[in-house]
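**Q** Structure for the following, please:
(chains A and B)
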Amino acid sequence: MSQSRKVYGLGAEFESAGALLTAAAKIREQGFSHWDVHTPFPIHGMDAAMGLGKSKLSAVVFVGGLIGLLTGIALVSIPSFILYPIIVNGKPYDWRTGPAFFPIIFELTVLFSAFTAVGTMFVFNNLFRFYHPVFNWDRFTRFTDDGFMMVIEARDSKFSETRTKALLEEIGGKHVTLIHD
Amino acid sequence: MSKTALSLETPPDLKRPALVSNDRSIGWVSHNVCDIVEAPTPKWWLLAISITSPIALMGLICIIYQISNGVGVWGENHPNGWAWDITNFVFWIGIGHAGTLISAVLFLTRQKWRTSINRAAEAMTLFAVICAGIFPAIHVGRVWYAWFLAPIPNTNAIWPNFRSPLLWDVFAVSTYFSVSVLFWFVGLIPDLATLRDRAKSKLARTLYGIGALGWRGGNRQWRHYEMAYLLLAGLSTPLVLSVHSIVSFDFATSIMPGWHTTIFPPYFVAGAIFGGFAMVLTIMLPAAKIFPQLNDMITRHHVDKMAKIILLTGSIVGYAYLMELFVAWYGVNKFESFTFFTARANVNGEGWYQWAYWIMMFCNVISPQIFWFKKMRTNYIVVFIVCQFVNVGMWFERFTIIVTSLAQDFLPSSWGHYAPSTTEILTFVGTFGIFLTLFLVFMRFLPMIAISEVKGVLPEADPHHHHPKH
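**A** Next comes the predicted model:
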């Protein structure tokens, strides 16, 4: 039954974080691009080993924060200066009232940035996708316990069921398994 | 003269103790943390929740009674327009701050020991903020008009005053709660995936699976995840400082003697962290006793470090108390010196609430000084007792600030005593029931320790670590 389904990729398990890091560097040297390692915790140095740069998430959050800042400024100034100025203690509405507006502007900047950070992380990480072919590999869920897994996708141009399997075994991969869609 | 060879090895007595003792493995961490959730419901838990939930229910009944009858069922009356309500609000919100400090500030400062306590401390933050939020909401009297606090035009198209600290407070507390929930949930995602993959029943697998959002632990996910976590920590740090600063503005921007001081924001923030750490320990020490497997993750070194933070922040609070007295003495404002020396410290016998002031002084300033001794910092019983003093002391601090200033203010003819009503007392007791019930539920169904983060600080997690086996 499973033989008739499309091949998603090849999975391999490694015995430690160090072994996976070394293996990742080798896979990268081979020129693969559609592959990932699945680990119980982020491994220090893995981004460099996989050739991944800094996450672009911070740039999006900066924009989110900026929108929050502008929303805050608009929210406090439009009603206060234009819609319904409330004169309290005879204090005027001009640039000198700025410090009193600061707390709300600040809070809204933080609020918008935080929601942007989490929302963008969900989108970038493709979360809310509850089905994924990698879960068809019965050993895969060991990554949430103490397994260090690597999955190379079949859509990679360098992928070949036999040669990639041999490569994974050569660099120390155990339980190398074909994963079906 | 003999010269010892220069060695790059850290001397043994300066080596840092392992964050997880007894050389535990990665699998051990997931097994032992998840075991708490997966084991059959323990008897003590049923007993505990059967005590706390009626207390919570009593609190809710008091709240309903207060809403249906008005603020008159409380002891507040002129001149004491604020009393236990705002005391309890500041007390609970302050407790929440320790969780954010542990999760955000200690993360930014690379204090890796935080990993084993941050999850429970963040949960404590959320539950404390829930308890805190009750009081300002119901103390307005007509709760159905609470939406007047929202930044929208209310009756006759009047907008709220954006220059009022009370409105700042609404923004600060609601932002704080929202960001704390996000931070907590983001931290939970990988651990919910662990629970999902271990779950035996279909229901548990589905529910934890929904919470885990299909987490696959890929490094291409982790890098965005870590960036999001770092940014949330970076955002929460100024946020937590701003929240308690703004809470202190509620007082500091008024003209009441004893409130109108510039020292309030840092003094409140230090006090919040101080009281919050005491509450973290109040919860964690019994938890470590009940679950012996946690003792390798929540070690004496953790308790020692938290006790040091209590000592530091307690001393900052003590400095602030003394500085207030100094300024009251050194300044020329009669009302200020009356509030501090008569209404609070009661040096001449005319003050009414000196007992509250001196309880506060003893609990917050004197009692933590015992933590100068390492033997005391690592003795769980001593630490627990001191934390109870701190919990009491921090409540009395807010009571002292609020009630002494209001009860005996500028004009003796407008002075008035304050005493809480039964409803008021039971509402406060009820919030403890709500807090503890929520915490018990959290303990039972969610991982109390950040599994993936603790794994990340194990020596085995270091890719350059050479396992003794090999």
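**Q** Kindly state the pLDDT recorded for the spatially most central residue of chain A?
**A** When CA atoms, centre = their mean is applied to chain A, the residue found nearest the centroid is residue A:125 (4.1 Å). Residue A:125 carries a pLDDT score of 92 in this model.
**Q** is whichever helix or strand residue A:107 is part of anywhere near chain B?
**A** Element membership of residue A:107, judged by DSSP states H and E, is helix A:98-124. Yes. Residues of helix A:98-124 contacting chain B under CB under 8 Å from any CB of the partner chain: A:100-101, A:103-104, A:106-108, A:110-111, A:113-115, A:117-118, A:120-122, A:124. In short, each C-beta sits where N, CA and C put it, glycine included.
**Q** all helices of chain A, in order?
**A** Secondary structure of chain A (DSSP state H): helices at A:17-29, A:46-50, A:57-77, A:98-124, A:161-170.
**Q** Say whether chain B is contacted by the second one.
**A** The reference is to helix A:46-50. Yes. Helix A:46-50 is in contact with chain B by CB under 8 Å from any CB, via A:46, A:47, A:50.
**Q** Excluding chain neighbours, what is closest to residue 53?
**A** No chain in the question, so chain A it is. The shortest distance from residue A:53 to any non-neighbouring residue, by CB to CB, 6 or more residues apart in numbering or on different chains, is to residue A:47 (7.6 Å).
**Q** wrong chain, I was asking about chain B
**A** Residue nearest to residue B:53 in three dimensions, not counting chain neighbours: residue B:437, with 5.0 Å by CB to CB, 6+ apart.
**Q** ok, the one you found - how many residues close by?
**A** 21 (other CB atoms under 10 Å in any protein chain shown).
**Q** Could you write out the alpha-carbon coordinates of the helix or strand hosting it in CSV?
**A** Taking DSSP H and E as the criterion, residue B:437 maps to helix B:422-445. The C-alpha trace of helix B:422-445 is given here as CSV (Å, rounded to 0.1, in the frame of the first residue of the first chain):
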residue,chain,number,x,y,z
THR,B,422,-16.2,40.7,55.6
THR,B,423,-17.1,40.7,51.9
GLU,B,424,-13.9,42.6,51.2
ILE,B,425,-11.8,40.1,53.2
LEU,B,426,-13.4,37.1,51.6
THR,B,427,-13.0,38.5,48.1
PHE,B,428,-9.2,38.8,48.7
VAL,B,429,-9.1,35.3,50.2
GLY,B,430,-11.1,34.2,47.2
THR,B,431,-8.4,35.4,44.8
PHE,B,432,-6.0,33.1,46.5
GLY,B,433,-8.4,30.3,45.8
ILE,B,434,-8.6,31.4,42.1
PHE,B,435,-4.8,31.6,41.9
LEU,B,436,-4.1,28.3,43.5
THR,B,437,-6.8,26.5,41.6
LEU,B,438,-5.5,27.8,38.3
PHE,B,439,-2.0,26.8,39.2
LEU,B,440,-3.1,23.3,40.2
VAL,B,441,-4.9,22.8,36.9
PHE,B,442,-1.8,24.1,35.1
MET,B,443,0.4,21.6,37.0
ARG,B,444,-1.9,18.7,36.1
PHE,B,445,-2.3,19.3,32.4
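**Q** avg pLDDT for that helix?
**A** For helix B:422-445, mean pLDDT is 95.
**Q** if we look at the very next helix or strand once past it, which residues are touching it?
**A** Helices and strands here follow DSSP H and E; after helix B:422-445, the next one along the chain is helix B:451-456. Defining contact as CB atoms under 8 Å, 6 or more residues apart in numbering or on different chains, one finds that helix B:451-456 is touched by A:40-42, A:146, B:19-20, B:26, B:29-30, B:33-34, B:115-116, B:118, B:187, B:190-191, B:194, B:297, B:461.
**Q** So which of the residues you listed sit within helices?
**A** B:26, B:29, B:30, B:33, B:34, B:118, B:187, B:190, B:191, B:194.
**Q** Roughly how far does the first one sit from residue A:146?
**A** So the one you mean is residue B:26. Distance of residue B:26 to residue A:146, given as CB to CB, to the nearest Å: 4 Å.
**Q** Might you report the residue contacts of the residue nearest to the centre of chain A?
**A** Residues counted as contacts of residue A:125 (CB under 8 Å, 6+ apart) are B:220, B:221, B:224, B:225.
**Q** What pLDDT is listed against the residue sitting furthest away from the middle of chain A?
**A** Distance from the C-alpha centroid of chain A peaks at residue A:90, with 51.3 Å (CA atoms, centre = their mean). What the model reports for residue A:90 is a pLDDT of 85.
**Q** Need phi/psi at it.
**A** phi 70, psi 10 (degrees, to the nearest 10).
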